[in-house]
Structure formats: structure tokens, C-alpha cells
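Participant: Sequence plus predicted model, see below.
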Amino acid sequence: MKSVVESSRQGAGVAGLEVTRLDRFAAPVALAALALAWPLLDLLGNNAEFFLFRRSPRLDVAVFAVAIGLGIPLLFGLVGLIPVRTVWIALVALLGAVLARLVLRSVPISDVARTGLAVVGGAFLAWAIVAAPAVRSMARYLALAPIVATLLFFFATPTGAVVRHGGTVIGTSVSPANPVPIVWIGFDEFPVASLMLGDGSLNGNLYPNFARLAADGTWFRNAVGVEQQSEQAFPAILTGNRPAGDQPPFAGEYPNSAFSLLGDAYDVTAIEAITRLCPDNVCGARPPAARAGERAEQLVRDTLVVSGHLVLPESAAAGLPAIDGRWGDFGGAAADEEFDVIAEFREQMENDRRRGVAEFVEAIERVDPDQSNFFGFLHILIPHHPWQYLPSGQAYLLTAEKSPGTTRTGWGDDQWLLDQAIQRHLLQAGYADHALGEIFAALDRAGLYEDAIIVVLADHGIAIKRNVFHQRYITEETIGEVAAVPLFIKGPGMPEGEVDDRRAETIDVLPTIAGMLDVEVPWATDGLDLRGEIDRTESTMHGPQGSVTFGVSGEEKFAMAADIARAFPTGDPYELRPDGTPDLRGRPVEPSGLPMAELTWELDRSTWYRGVDTSADTIPTRISGTIDGTSEDVVVAVVVNGVAQAVVRSYEDDKGVTRFQAMVPPGSLVDGDNRIDLVLVSGVDLLAIPTG
């Protein structure tokens, strides 16, 4: 019988050196903890929004942390016990390479060089563990790393604070002597310039409900946000203070807020998109967003995507769904050629952002007409991209979530594609107005509109401009796009129909509401009561890349409004066309009577245009396709049912394919089958393009 020592050398030993079963287990455990578990726990531990967005129960988060922190290292440790030397060495080398890549992540070298060095580092580490008893001894001690990483997640990260404290903390409350209903609506990623015509006035044709609110209250046209990120911006708005740090946006970290201030005196309804600032004993515990199995499946799927971006080389990670600009459901809108229309429709409906508006309207309709202590708060991710909603309240199907013209986080230099992105943004801003109309109609029916304090604002904007590195980064060049936001307030003592160009900030809303209720906020606020004097000489917006301080003239937003007016001079989002081309909208065009162009084309998702129900929640008003026979950009007219509805310019996608896209009005479609034609616009001549 073999001795215990001889047995322990099985599989991974080297002559004269003892590699025990403990070593084979400990080394992979330690490396997996350092290379995989802790980086992931650290990333998600410091981004509580990943869990708050999906309304993950505290137990889900705790199980997740234990599974990642302890489960993954344990799994690799068990694989290391396989009594095959090459398996163990390869496993150690692989984990070592991943760890080396993480260490080299901030080194300014090419990704190829970084990957090569990581492979060399992993191989060296595997050799050192096999050959050096001292290194193996260190690995045994480091096998405790999973426990340390898990404890750090729970006790040293914002997400761990969410798990420990929950959302039951409430701060100081007040009781107004004469309460009035409060309706507070927060939009997201909404520059104020999107509401404006070129002269700086409100575009009442596209935004009639914003115009109604402006006529009944005050439009603070020079308002700015103070935080670039929603998870910090809404705590600032609801507390009246700039956040002191990056604490997670839940009640335990912000015990003093509008919800706690009015929680005893008001019947509060809070629909928060990504924050959890309303305490459980004011708003009640929120149910999970899905069943346990569905939650686990989505959490695992999204975690794998995040892990891939964290550890894979850039060339490999490029094939993963993007994780910029959202907190979950990565890859929800597929863009591959095997696109499943039914699956995509279901996916979009399951994540339909219009649901928040419907829930808010239902809450208003439950209010007694004589009830004066209704406080409704709604944060909706509108007009935040992805852009897919129309001023009619309908949605349109997406062939891909990423907009042509974007880089990984920002925009390229093709102004035409940027103008088309602005067009879709304006249409979604039109849906924001539609949502306001639904809410105002519910308030009218409930008899609450006249007496209510109504606040409508946004947390930050978006920069859709050439060569911007990041769409939402606040910089000296993006003040007008990112910092300047809508702010409308109607209520007691607020002038009606006034445009106030004093510098207001979003942190002023809470003190202003308290002033209208004639109560004192029992904590110090950075914000001011906008009914009083405002003598600011500068404002500051904070973002992950640092803070930007700027003056109070507000000239930046007017520059953005003028740029929008260049492409949309009357404020109609459908009037966009390339410079120097004729406006063919509404012109009857019969391609069969035109000369033929030496091109061919193919429509994307042609089945979408058969059996159309124009009254449905989702209709195919974004028309796109490919054009063959040219390597140059061409101008084409999109003809729907024999009438030209849009004139657009083609572009080359990242695969070198010539493509086009166009937004057409919902009224251009008919019930049943629709005919889509493409016509080449060559000066004043039109040439029919046959299908390929």
C-alpha cells in the first residue's frame, strides 16, 4: 500500500517536491477568490443599483454574495482535486492569467500586449506554485480569501449596507396645517433644450401638456441638475442636499427625505425606477420584480455579462451585450440576424417603461376627491434611451438597441446620424408629454389638479453631439446638454404663466414645496425656496469623472436649442431631411412609373408590415434596410403605401454594409398589409430602387 505522502503526490507532484491534496485545493480557491470572486463582489458591491433596479429582495442579494464569494472559489478548488497533473496546472495557470490581466488593467499598453503578459504571468505563477513550497504555503493562507471577500461585501460596500439595513429607516416628519395634494414627476435623461424652439420658447405643438403646466405655474427655464448619475441625482432632489458620497440610493442611507418629511401627514405613493428612498413604513415593502426562478435566471445572466466585461480581453468582450447606460437585462434587444420578433416583443413588453405611468394613474384614480393629503412621486426612465416610444403613447419595435452613429459610450462625427438620434430622442420626449397628459387627465377626473402642487423635472440630460466621448459625462462642452434640465412648479404662491430665468437647481424643489406647505424642513438643506431671493453666481454638477462649475447665464442650453432648430426648424420631429434635399413628405410616389436606379435594396423585418394593427401598443414606424450597388452614401425617399414619408441619407455600418433608417408617422401606416418602397433622390429626379 502506498504511503500517505506518496498518495498525496498523485496528479500534480514534481520529483522531490510534495504537492498535497490541500495544495491542489487551496491554490485554485485562493486564485479564484482574487481573480474572479472579489473583483465581481467589489464591482457590484459598490453599485447597489444593479440590485435595486431589479428590486432584488435582501435574501437574493445575500445568496448571490455567498454564491459568488464562497461558491465560485469552492468550485474551482474541487476541480483542482481532480488527480490529473495537467488539469491542475492548467487551472492554476488560467486563474493566474485572469488575475494578471486584472493587475495590468490600468497599465497603458495595448490589449494584445496586456493579454500576452497575462498569459506569461499565469504560466509563471503556475510554475512557482508547483516548484516552490513557500509559494504553496502562501496559497494555503490565501485560501481564506473567499471568506474575507464575502465579509467585505457585506460590511464594507454600499450593497452590503442595503442587505444589512433594508429600507425601514425614517427621519423627521412634519404636519402641514393646510395640506394640499402633491404630484412630483421626475423624468430621466432629458435636456431642457429638447422642449424648446430655436428662440428659446416652449414647443407647445409637440409638448401641449408641458405648455399647460407652464401656463398654470412657473417654468424655471434656467434650472440645472447637481448630479450626473441618477442614483445620486434623485437622492439630492428628494433631500434638498448634495450627497456627501456615493452611498446607495435607499432609505437607510437617506433617512431624511421628502418621504420621511411628509410620511406621517400624507398618503404616499412612490414609484421609483432605480432608487429605494421611500421607507417601508411609509410606502410598504416592495414586492420583487419577478418570481424567484426568473429573478435568479436574470441575475445569473447579467452577472455573466458583467464578469465577461471584467475579465475577458477587449476583443472577446466586444461581442458581449453592452452594459453602459443600464443596470440590468443586458442584451434585452438582440441585434443578430436570427432576430426573433415574438421574443423581442415579449421582452420589450416585460420591460415596458409605460407601466410606471399606468400605475401612477391608477394610484391617482383611487384618491378620494376630498382627500388633500395625497403625495404621489413618479420617477420614470423617459426619455432615457433606448428610444422606442412615440408622442402617440405607442412604442415601435427595435431591430437593435444601439443607435447608428454611437461609439462605445459616446458619438462619432457623422452629423446626419446624430440628427437622426436627436429625432428619436425628441419623439420619446413627446411620449413624456403624452405621459403628463395621462396624469393630468387623471388629476382632472379626481378633482385634484386645480389645488395640487405639481412638480415636473429631470435629473440630468444627454449629450447627442459630435465626437463626445460619453453621452452623459458632464464637461465644459456638455453643460447645455447634461446639466440644463426641465423644471416646472405649480402651486400656492407660484406665479402662473411665468418663465423664470433665475438660476434654479433641482435641490431647490424640496425647500420650495415645504415653503408652499408653510412648514420648515427640520434639517439643513443646500437648496433654496424658489419663491424667495436667489443670488447664485455659479452652479456645480458632479459626475464620476469629477465636478464642473459653470456660470448662471444659461447660454449653453440656448446653443443646444439652436442646434436642434437647425435640423428641426418648426419643431416637428418628422421634418428631418438631409441638407439641400427636397421635402417630399406627403407627396404621392408610384415607383412603377419612375426610371430604375442601378441599385437594389432589402427591407429589415418585412413581416412587421403585414397584418399591422395601427391601434396596437407597438407599431413598426422605424423603417430600416440595406442598399446594394453603391459604396457611396445616397439620399433616398421612404415611400409608405404610395406616399413619401421621409427623406434620409444612407450610411455605412461597422460591417461595411450600406444601410438606411427612417422614422415615419404612425398615420402613414394602415390596418392590414403595408407596402414599403425605396426611391433614390438624385437632385430633383426620383429613381425607383427595386428589391434585391
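Facilitator: Cool, got the structure.

Participant: Mind listing the strands the longest strand anywhere in the chain pairs with, and their directions?
Facilitator: Longest strand in the chain, counting residues (DSSP state E): strand 374-383. According to DSSP bridges, strand 374-383 has the following sheet partners: strand 182-188 (parallel), strand 267-271 (parallel).

Participant: For the longest one, which outside residues touch it?
Facilitator: It refers to strand 182-188. 230, 234, 237, 258, 262, 266, 273, 364, 374-384, 432, 436, 439, 443, 448, 452-460, 486, 509, 513 (CB atoms under 8 Å, 6 or more residues apart in numbering). C-betas here are computed from N, CA, C, even on glycine.

Participant: what residues are up against residue 103?
Facilitator: Residue 103 neighbours (CB under 8 Å, 6+ apart): residue 121.

Participant: should've said residue 109
Facilitator: If a contact means CB under 8 Å, 6+ apart, then residue 109 has residue 117 as its contacts.

Participant: go again using 10 Å as the cut-off
Facilitator: 115-117 (CB atoms under 10 Å, 6 or more residues apart in numbering).

Participant: Return the subset of those lying in helices.
Facilitator: 115-117 (DSSP state H).

Participant: which of those residues are buried?
Facilitator: Listed as buried from those are 115, 117; burial here means 16 or more other CB atoms under 10 Å.

Participant: which one of the ones in helices among the contacts of residue 109 is nearest residue 501?
Facilitator: Residue 501 has its nearest neighbour among those in residue 115, at 54.0 Å by CB to CB.

Participant: Tell me the spacing between the nearest residue to the closest one once chain neighbours are set aside and residue 44.
Facilitator: Of all residues not flanking residue 115 in the chain, residue 313 sits nearest, at 4.7 Å (CB to CB, 6 or more residues apart in numbering). Going from residue 313 to residue 44 by CB to CB, to the nearest Å gives 21 Å.

Participant: More neighbours: which of these two?
Facilitator: residue 44 (23 against 14; other CB atoms under 10 Å).

Participant: To what extent is residue 538 buried, counted in neighbours?
Facilitator: Residue 538: 9 neighbours (other CB under 10 Å).

Participant: Would you confirm that it contacts residue 503?
Facilitator: Yes. When contacts are counted by CB atoms under 10 Å, residue 538 is listed as touching residue 503 (8.4 Å).

Participant: So for these two, which residues contact both of them?
Facilitator: With CB under 10 Å, 6+ apart, residue 538 and residue 503 have common neighbours 551-552.

Participant: The residue nearest to residue 115 touches residue 104, doesn't it?
Facilitator: No. Contact criterion CB under 10 Å: residue 313 and residue 104 do not qualify, at 11.2 Å.

Participant: Mind listing the shared neighbours of those two?
Facilitator: Joint contacts of residue 313 and residue 104 (CB under 10 Å, 6+ apart) are 111, 114-115, 118.

Participant: Name the nearest of those residues relative to residue 19.
Facilitator: residue 118 (23.8 Å).

Participant: Surely residue 50 is in contact with residue 44?
Facilitator: Yes. Applying CB under 10 Å, one finds residue 50 in contact with residue 44, separated by 5.2 Å.

Participant: For these two, list the residues in contact with both.
Facilitator: Common neighbours of residue 50 and residue 44 (CB under 10 Å, 6+ apart) are 61, 64, 159, 302-303, 306.

Participant: Tell me the one among those residues nearest to residue 70.
Facilitator: Among those, and counting by CB to CB, the member closest to residue 70 is residue 64, at 11.3 Å.

Participant: that's a strand at that closest one, yeah?
Facilitator: No. Applying DSSP: H, G, I helix; E, B strand; the rest coil, one finds residue 64 to be helix, outside a strand.

Participant: okay but it is in contact with residue 70, surely?
Facilitator: No. Residue 64 lies out of contact with residue 70 (CB under 10 Å); the separation is 11.3 Å.

Participant: For residue 669, grab phi and psi.
Facilitator: phi -90, psi 150 (degrees, to the nearest 10).

Participant: do you know how far it is from residue 633?
Facilitator: Distance from residue 669 to residue 633, counting by CB to CB: 27 Å.

Participant: which of the two has more neighbours?
Facilitator: Ranked by neighbour count (other CB under 10 Å), residue 669 and residue 633 place residue 669 first, with 21 against 15.

Participant: quick one, what contacts that one?
Facilitator: 609, 612-614, 619-621, 623, 640-641, 645, 676.

Participant: Where does the closest residue in space to residue 160 that isn't next to it in sequence sit: helix, strand or coil?
Facilitator: Residue nearest to residue 160 in three dimensions, not counting chain neighbours: residue 154, with 4.2 Å by CB to CB, 6+ apart. Look at residue 154: counting by three-state DSSP, its state is helix.

Participant: Residue 154 - how many residues pack around it?
Facilitator: With other CB under 10 Å as criterion, residue 154 counts 19.

Participant: Surely it and residue 147 touch.
Facilitator: No. Residue 154 is not in contact with residue 147 according to CB under 10 Å; the separation is 11.1 Å.

Participant: Could I get the full set of helices for the stretch 401-550 of the chain?
Facilitator: Using DSSP state H, counting those that start in this stretch, the helices found in the stretch 401-550 of the chain span residues 415-446, 509-516.
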